[in-house]
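> Quick one, structure for this:
(4 chains)
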There are 4 protein chains.
Amino acid sequence: MAGNTFGQAFRVTTWGESHGTAVGATIDGCPPGLLLTREMIQKDMERRRPGTGGAASPRKEPDRVEILSGIYENKTTGTPLTLVIYNKDAHSKSYDTLKNIFRPGHGDITYLRKYGIRDHRGGGRASARETAARVAAGAVARQLLASRDILVQAYTIALGSVEISKRDMNDISENRLFCPDNEAAERMEERIIEVRKQHDSLGGIVEILAKGCPAGLGEPVFNKLDAELAGALMSIGAVKGVEIGAGFEAARLTGSENNDPIIPKGFATNRSGGILAGISNGDDIVARVAVKPIPSIAREQQTVDLDNKPTTIKVGGRHDISAIPRIIPVCEAMVCLTLADHFLRQQAILGFADQGGGVEKIP
Amino acid sequence: MAGNTFGQAFRVTTWGESHGTAVGATIDGCPPGLLLTREMIQKDMERRRPGTGGAASPRKEPDRVEILSGIYENKTTGTPLTLVIYNKDAHSKSYDTLKNIFRPGHGDITYLRKYGIRDHRGGGRASARETAARVAAGAVARQLLASRDILVQAYTIALGSVEISKRDMNDISENRLFCPDNEAAERMEERIIEVRKQHDSLGGIVEILAKGCPAGLGEPVFNKLDAELAGALMSIGAVKGVEIGAGFEAARLTGSENNDPIIPKGFATNRSGGILAGISNGDDIVARVAVKPIPSIAREQQTVDLDNKPTTIKVGGRHDISAIPRIIPVCEAMVCLTLADHFLRQQAILGFADQGGGVEKIP
Amino acid sequence: MAGNTFGQAFRVTTWGESHGTAVGATIDGCPPGLLLTREMIQKDMERRRPGTGGAASPRKEPDRVEILSGIYENKTTGTPLTLVIYNKDAHSKSYDTLKNIFRPGHGDITYLRKYGIRDHRGGGRASARETAARVAAGAVARQLLASRDILVQAYTIALGSVEISKRDMNDISENRLFCPDNEAAERMEERIIEVRKQHDSLGGIVEILAKGCPAGLGEPVFNKLDAELAGALMSIGAVKGVEIGAGFEAARLTGSENNDPIIPKGFATNRSGGILAGISNGDDIVARVAVKPIPSIAREQQTVDLDNKPTTIKVGGRHDISAIPRIIPVCEAMVCLTLADHFLRQQAILGFADQGGGVEKIP
Amino acid sequence: MAGNTFGQAFRVTTWGESHGTAVGATIDGCPPGLLLTREMIQKDMERRRPGTGGAASPRKEPDRVEILSGIYENKTTGTPLTLVIYNKDAHSKSYDTLKNIFRPGHGDITYLRKYGIRDHRGGGRASARETAARVAAGAVARQLLASRDILVQAYTIALGSVEISKRDMNDISENRLFCPDNEAAERMEERIIEVRKQHDSLGGIVEILAKGCPAGLGEPVFNKLDAELAGALMSIGAVKGVEIGAGFEAARLTGSENNDPIIPKGFATNRSGGILAGISNGDDIVARVAVKPIPSIAREQQTVDLDNKPTTIKVGGRHDISAIPRIIPVCEAMVCLTLADHFLRQQAILGFADQGGGVEKIP
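Got it, this is the predicted structure:
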């Protein structure tokens, strides 16, 4: 009933707080025989680390991942993989001024209401630190998908009100915001400088693209692929909206405009975002998430203390201006975890059909 | 691994196809002692029936729900509730012309790719018929929530490009589109007439509001309340986007604009949509979904047949112009199911704390 | 959290009370393309019906199963199968004398303590009637296993203190007790007559044999195949003990006596019962269950009423002398459900390995 | 689908191999506010350590447990608890002689058949080392139960063919075999010396007693308390049989002998083992498990190598003569985990009923 596990066939449990000993992830259900090294996971960790991207704060978390179980001679064994990242950069003291005050836009007030526990040091499980474990687990899912030529990539398409004008995938690696439009990325950097001066913060929109996904993934009716992607992405702390394919724009279109014509080689357009009736159709899977601005800002804001007395707060410390770009690998991780889970879930159907016994093969 | 079950503590499994014998739902985990009659469930079924609302087709499904188990003397017993709705209005013949053709925007192509099965009569589990079972199960969840004064209501805020200008809750029951703006509802009806003439269809946006929800619901980190609502709502066939509170608009705001100031009596604004760090904060819960236009239209569209030969299709039959307003009670059902599940999940924490043994009560 | 669902990949939810409208089962996760007719299921139902076997009461429940969903042209579609058996033989009146009294050995006292609900008519979910749904669902699992040449059979090896002296599988169909020793079966029938005169009842031991099960089924460490079989079999109301292979006898053996020598064609003996370290080893799977005597007897017994006042009770009505032989198909059903579930769970591993991508095939 | 998680409300995932970096457990769902220190867990670890009890080998694993998450100021926070025990005593070399040979009675042959992976160093997840994580997690469950005055204790009632003649609970702490009969314990020690000389090993029977368990725990119909206990206990590597209350003996009794008469203060006898219809009845819960002899023996045995060629094997190394007594705390851990899970599961029912809203309290 607690909610720290994701997936059914490829099942990940994350654990750990920002100011505890470590954060980590245990993966149960990774198939045996998959090539996996610590370095493959570390590579994804690097993209998430603070200090990456212009909107990030100057902290330098090492974020070194270690594999405690489930590997033998660089291959998965089929037993649980445990990945751990020790916390080395926890400055509890910098949080002492917040000891008796709730931060607007933060989970400290709801955690207290839920658990009756007040841990003022960082955000407990609500901290962005928790996403390190997701990225580590997602890196394993990424390896599983890559062995089947399924590739997942996320990128920034809006930062605050600055939007992209094009999607040039080559640009993504050329700017610090993982933006497929270098020119827009420059304007985003300018906006960051402006907002930093105002002691404020920015949100934005991230798009996630999965290429090479076979048709047939997704389980009607509650575990549709789009439903699971929506839940996976909305479970990232800063995300307030998720859309698939045409998304909210589809609400304004007519059926004749929104339907993707079917042609012999597939679909003529991709307004469905690669998912029909909750099942992948073989086309690119496209999702977008709305990222809210970081709530911790150094501007004075109205709040209450633990005694419910009105007061004001300015949140100092080493905070990013935007969850973008650090949220990018987290979005990728959640999509990788979702696809790996559904890839394995579909094997129960395919594996059964492939073995004959009077059951026809699935085309 | 199959995906026909929703929830963990209040767990619903739906089953049945549009052209089979029946559709139904089994609820496992409904607590004992809850007042429940067939009529209470039937009431929700009526709101979903075809012929309700200007965008609906003239079919008259009786949609009579029956309770097969779990009730004794009008109270739940704690054992599984099974609700069944027999299909009486299945016109398989009207689908025979579609026997060898895939319908654009539909699940028939992906169901074939997933299961290797071609059931051309209606949409199988992808049919809107499946949602009858959700509404029946949701009606039970609604009763559970009502016993705790939690109320869930959905309403239309856009149909195609026609948007509301106000939210007057009294208007909702005064027009066929469950729209909180009677004047906008009129323009929506006009737009429906126009689009019907063009043999086309419309999407729109539905907002769902839950009032009276206590703080503390939602399970970090993957089963956050907003994550579960997003998954629940996106699992409805026609939904292509979900947002909570400020949603996609939050991407454009700065932190100082988006944070809800905390005041002694609660929150000064509700851009969070009643959820902070995935846990309800005691404020109204607000979600919105983007509904795509119905794909079955009587205009000629490009497609392929089972042999992957190009052809065209016009889908006749008794199809609605829009999933709105029939999707309204379905959205309510999914939110009721999500909240009932999390309400019960939180009892494990509260119930334990309430019993002493050195454990402090949760405020 | 409620417990009416069994399995993970082949997932069955049963519902219904002995004196309600119907009992039934919903199966989620049955693969598509499996040949299945109503008659195949009905065949298993007949073996479970009252009046079968010398220890059974003369009731004549029709136990006609109907398939409400999940079938198209005699093949499973991959969507949920719902099986329903309407109750036609419910004599609530015969239970009215028990209205205010708890029956020794029965669940009525614990159901009241758990749910706060007193439904005196039959045993609610604790009634043997519930097992009709298990047998129906098990018949589907049996078909799935049969398509892979896995066969499950149960038989009586002891009734009270009468034990078999041989296992001749041909005998099983030749006596009413499904006993592999016709001579012992005769003595069992004599014992039944004796005990019936004493208004008492009998327990016994059932052995379940699964032939043809491939090696590799079972999931370390908590979902070991023997652990799941033990849970499955102990979930049958009358079962008080479960053992695998040598079972309790293994406690008395030394390692050199108990280990099965490995030889090129397999194992020289089968004291393991076909399961090593929780994983099937390719040999016959052998389990045994201890069945307690039926608690409803027409002899006077000490008990209390709802006000906790001492009283006595004689339970009349149409009760069997022993749960054997009617429990035989129920034991088979639970083993079929367990094996089908693990067969499909193993596909996620095999299916992945079979598709290349650098991953080696599993031998 | 993989099987390394136990429980639904109090959910434990264990991970780690005998010859990897560490073994550990993550607990999701432990309620907040429970007093918990590292020392409380360590205390249970000490009882499981090798070298405890006369049947144990002289290894000295330190088995120091560390808490990586979920604790703040010696109280649980409601977030996942991760417990880790680093492996410091792994002598991979001593296993090199087994590199190409399967050990009779062991899981190495089935692990290879399941996963296609051959890790000859120790038993991977099948090693008794894995149970260290169970004991650590069980210690947390034990604290939860102790806060409600529920106490769980296991003890040896047979070692090989040496059986106890009495149950004197004071004796348990006075001999190395946790045996409630000091005189029998002496004979067991003699038998151990004898069998050690023969290079052979011994099984036995362990009884587990839970006192103070409230009525109402257990979830009909598949998650009955006895079904879950059976699954939990059978998931321990060496266990081949489980019985509740009268167990296999019940098969020989008549109904009038086996039924526990109900009297105003409870039950006059306890042949049910404290569980009726799968729900605890408030009496002591009593279970017994059959423990097989340790398969690793230094006597020559028949086996095959990886090429399926016949050969013989003598397993040297530091092996115990019997899984007893080290299995005792493991049995306690599994019962504690099962009871804690069901205790919390029952809160969803009780918590709901306790809050009024027209729902009556459960007595």
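> just how off-centre is the strand or helix carrying A:Val84 within its chain?
Element membership of A:Val84 [criterion: DSSP states H and E] is strand A:81-86. The gap between where strand A:81-86 is centred and where its chain is centred comes out at 18 Å by C-alpha atoms, centre = their mean, to the nearest Å.
> buried stuff in it?
By neighbour count on 16 or more other C-beta atoms under 10 Å in any protein chain shown, the buried set for strand A:81-86 is A:Leu81, A:Thr82, A:Leu83, A:Val84, A:Ile85, A:Tyr86. C-beta coordinates here come from the backbone N, C-alpha and C atoms, glycine included.
> What pLDDT does the model give the third one?
The confidence metric pLDDT takes the value 98 at A:Leu83.
> Looks like it contacts A:Gly24 (just checking).
Yes. Between A:Leu83 and A:Gly24 there is a contact under C-beta atoms under 8 Å: 5.7 Å.
> quick one: common contacting residues for those two?
In terms of C-beta atoms under 8 Å, 6 or more residues apart in numbering or on different chains, A:Leu83 and A:Gly24 are both contacted by the residues A:Ala133, A:Ala136.
> Could you list everything the nearest residue to A:Gly70 once chain neighbours are set aside pairs with in the sheet?
Leaving aside its chain neighbours, A:Gly70 sits nearest to A:Leu81 (3.5 Å; criterion: C-beta to C-beta, 6 or more residues apart in numbering or on different chains). Beta-bridge pairing of A:Leu81, defined through DSSP bridges, involves A:Ile27.
> just checking, A:Leu81 touches A:Ile67?
Yes. Look at A:Leu81 against A:Ile67 with C-beta under 8 Å: they come within range, at 6.6 Å.
> Would you mind measuring the gap between the ends of stretch A:258-276?
Stretch A:258-276 has its terminal residues 12 Å apart, counting by C-alpha to C-alpha, to the nearest Å.
> buried residues in that stretch?
Here stretch A:258-276 shows A:258-262, A:267, A:270-276 as buried, counting by 16+ other C-beta under 10 Å.
> Check the gap between the residue lying closest to A:Ser127 once chain neighbours are set aside and chain D for me.
Ranked by C-beta to C-beta, 6+ apart and with sequence neighbours excluded, the top spatial neighbour of A:Ser127 is A:Ser18, at 3.6 Å. From A:Ser18 across to chain D, the span is 10 Å (C-beta to the nearest C-beta, to the nearest Å).
> who's in contact with A:Arg304?
Careful, residue A:304 is Val; it's not Arg. Contacts for A:Val304 (C-beta under 8 Å, 6+ apart) come out as A:Ile101, A:Phe102, A:Pro310, A:Thr311, B:Ile262, B:Ile263, B:Pro264.
> Which of those fall within strands?
Secondary structure defined by DSSP state E assigns A:Pro310, A:Thr311, B:Ile262, B:Ile263 of the contacts of A:Val304 to strands.
> Determine which two of these are furthest apart.
The span of the ones in strands among the contacts of A:Val304, defined through C-beta to C-beta, is set by A:Thr311 and B:Ile263 at 10.6 Å.
> ok, back up a step: rebuild the contacts of A:Val304 as JSON lines, extending it with pLDDT.
Output for the contacts of A:Val304, formatted as JSON lines (pLDDT from 0 to 100):
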{"residue": "A:Ile101", "pLDDT": "93"}
{"residue": "A:Phe102", "pLDDT": "94"}
{"residue": "A:Pro310", "pLDDT": "97"}
{"residue": "A:Thr311", "pLDDT": "96"}
{"residue": "B:Ile262", "pLDDT": "97"}
{"residue": "B:Ile263", "pLDDT": "97"}
{"residue": "B:Pro264", "pLDDT": "96"}
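> Quick check: of the residues you listed, which lies closest to chain D?
Using C-beta to the nearest C-beta, the shortest approach to chain D within these belongs to A:Phe102, at 17.3 Å.
> what's the closest of the buried residues of stretch A:258-276 to B:Ile193?
A:Asn258 (20.0 Å).
> The closest one and B:Gly105: what is the separation?
As for A:Asn258, its distance to B:Gly105 is 7 Å (criterion: C-beta to C-beta, to the nearest Å).
> Quickly list what's touching both of these two.
With C-beta under 8 Å, 6+ apart as the test, A:Asn258 and B:Gly105 both reach B:Lys292, B:Pro295.
> hmm, back to that, residues shared between the contacts of A:Leu81 and A:Ile67?
Residues touching both A:Leu81 and A:Ile67 (C-beta under 8 Å, 6+ apart) are A:Leu36.
> since we're on the closest residue to A:Leu344 other than its chain neighbours, how many residues are nearby?
Computed as C-beta to C-beta, 6+ apart, the closest residue to A:Leu344 that is not its neighbour in sequence is A:Ala9, at 3.7 Å. Using other C-beta atoms under 10 Å in any protein chain shown, the number of residues around A:Ala9 comes to 26.
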